[in-house]
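Participant: Build me a model from this:
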Amino acid sequence: MEKNLKVRIGEAQLKNPITVASGTFGDGLLMNRIYDVSCLGGIFTKGTTLEPREGNAPQRMAETPSGMLNAVGLQNKGLDYYITQTYPEVIKLGTEIIPNVNGSTIDDYIAVASAMDRLEGIRSMELNISCPNVKNGGMAFGVSEKGIAEIVSEIRKVYSHTLIVKLSPNVTDIARMACIAEQHGADAVSLVNTFLGMAIDAHKRKPILSTVTGGLSGPAIKPIALRMVWQVARAVQIPVIGIGGITNGIDAIEFMLAGATAVQVGTYNFVDPYAPQKMIGEIEIYMERYGIKDIVEVIGALEV
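Facilitator: Next up is the predicted model:
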């Protein structure tokens with residue numbers, strides 16, 4: 001049986017719904033030495049800020065039961081490096097490239113988004129207003145209706161392609177936040193980013209992370225992420241991209257049944273770098289088993 005795995009997120013036509021989350025796959029160039037990443041639906045590249053950032057001091061990662069905490073702090077080489085060094089190479093990878101944009105102020109976000117708007121072949125951008133690991137910006141915008149409305153509206157003025165807004169789970173009503181993003185110009189939303197968490201070394205009587213708290217990801221957050229995707233998908237008319245503890249093709253299918261058009265694989269890239277590639281085949285097996293010709297049939301098909 002011939003199967004169609006293509007899905008659309010605004011201007012971006014993904015060859016399949018499996019993408020990789022920003023910050024867990026670098027820019028895709030190193031992974032392309034391991035396997036041909038053109039098989040993926042898309043790559044959300046590592047977060048880019050206007051100026052280079054060193055990130056937070058060590059220790060900034062900690063293993064937890066069924067997951068991990070990270071407090072990397074958006075370490076990156078800045079916008080100029082992305083445009084002159086990263087972009088010319090990643091655009092050759094043969095899959096959708098979706099830059100992840102970050103900032104400390106709205107002006108920072110505007111500057112980066114404006115530059116991304118001019119890059120040929122880049123059809124979408126992920127606006128990260130939900131990072132819990134930086135002192136300024138990030139989650140400060142994403143946890144209030146006013147903050148989301150303001151930043152999405154301003155970015156919409158300078159970015160003409162598909163605008164994906166990455167939502168924070170550290171809110172009371174994530175469906176409401178998604179609706180605010182949609183009302184002010186988001187073409188899609190991605191969720192969830194990491195949950196704010198903490199790890200303690202009982203022997204040293206100190207926090208393990210230098211920042212005390214960090215972002216929790218991995219299989220531990222999947223049930224909550226799945227619930228949030230289901231709630232948001234029922235509240236908005238724009239595509240939803242599901243993130244949170246996805247380790248195999250069936251996990252991806254679950255998010256799609258809940259309403260996600262595509263998914264991002266994050267933490268599990270550290271466990272098995274080949275996992276996203278394997279998931280594509282696992283989805284095909286699922287489709288074969290249940291006589292599904294087009295993966296779009298799965299989106300939102302949960303029977304409640």
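Participant: what about the nearest residue to residue 283 once chain neighbours are set aside, how many residues close to it?
Facilitator: Excluding the flanking residues, the one nearest residue 283 by CB to CB, 6 or more residues apart in numbering is residue 249, at 4.6 Å. Heads up, the C-betas are built off the backbone N, CA and C, glycines and all. A total of 22 residues lie near residue 249 under the criterion other CB atoms under 10 Å.
Participant: Could you tell me the model confidence score at residue 249?
Facilitator: On the pLDDT scale, residue 249 is placed at 98.
Participant: which ones are touching residue 291?
Facilitator: residue 1 (CB atoms under 8 Å, 6 or more residues apart in numbering).
Participant: My error: substitute residue 75 in the last question.
Facilitator: Neighbouring residues of residue 75 by CB under 8 Å, 6+ apart: 53-56.
Participant: Can you report phi and psi for it?
Facilitator: Backbone geometry at residue 75, expressed as degrees, to the nearest 10, gives phi -60, psi 130.
Participant: any idea how far residue 147 is from it?
Facilitator: When distance is defined by CB to CB, to the nearest Å, residue 75 is 24 Å away from residue 147.
Participant: Assess the claim that the residue nearest to residue 283 and residue 287 are in contact.
Facilitator: No - with contact defined as CB atoms under 8 Å, residue 249 does not reach residue 287; the gap is 9.8 Å.
Participant: so which strand or helix has residue 125?
Facilitator: Using DSSP states H and E, residue 125 maps to strand 124-128.
Participant: could you give me the average pLDDT of that strand?
Facilitator: The model assigns strand 124-128 a mean pLDDT of 97.
Participant: gap between residue 267 and residue 221?
Facilitator: 9 Å.
Participant: got any residues that touch both of the two?
Facilitator: Joint contacts of residue 267 and residue 221 (CB under 8 Å, 6+ apart) are 67, 245.
Participant: Pull the contacting residues for the closest residue to residue 168 other than its chain neighbours.
Facilitator: Among residues not flanking residue 168 along the chain, residue 130 sits closest, at 3.4 Å (CB to CB, 6+ apart). Each residue near residue 130 by CB under 8 Å, 6+ apart is listed here: 138-139, 142, 166-170, 192-193.
Participant: Output the residues you listed as CSV; include the columns secondary structure.
Facilitator: Shown next, in CSV, are the contacts of residue 130 (DSSP: H, G, I helix; E, B strand; the rest coil):
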residue, secondary structure
138, coil
139, helix
142, helix
166, strand
167, coil
168, coil
169, coil
170, coil
192, coil
193, coil
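Participant: Can you show me the strands along the stretch 101-250 of the chain?
Facilitator: Secondary structure of the stretch 101-250 of the chain by DSSP state E, counting those that start in this stretch: the strands cover 124-128, 162-166, 188-191, 195-198, 200-201, 206-207, 213-217, 240-243.
Participant: Where does pLDDT dip in this protein?
Facilitator: 131-140 (pLDDT under 70).
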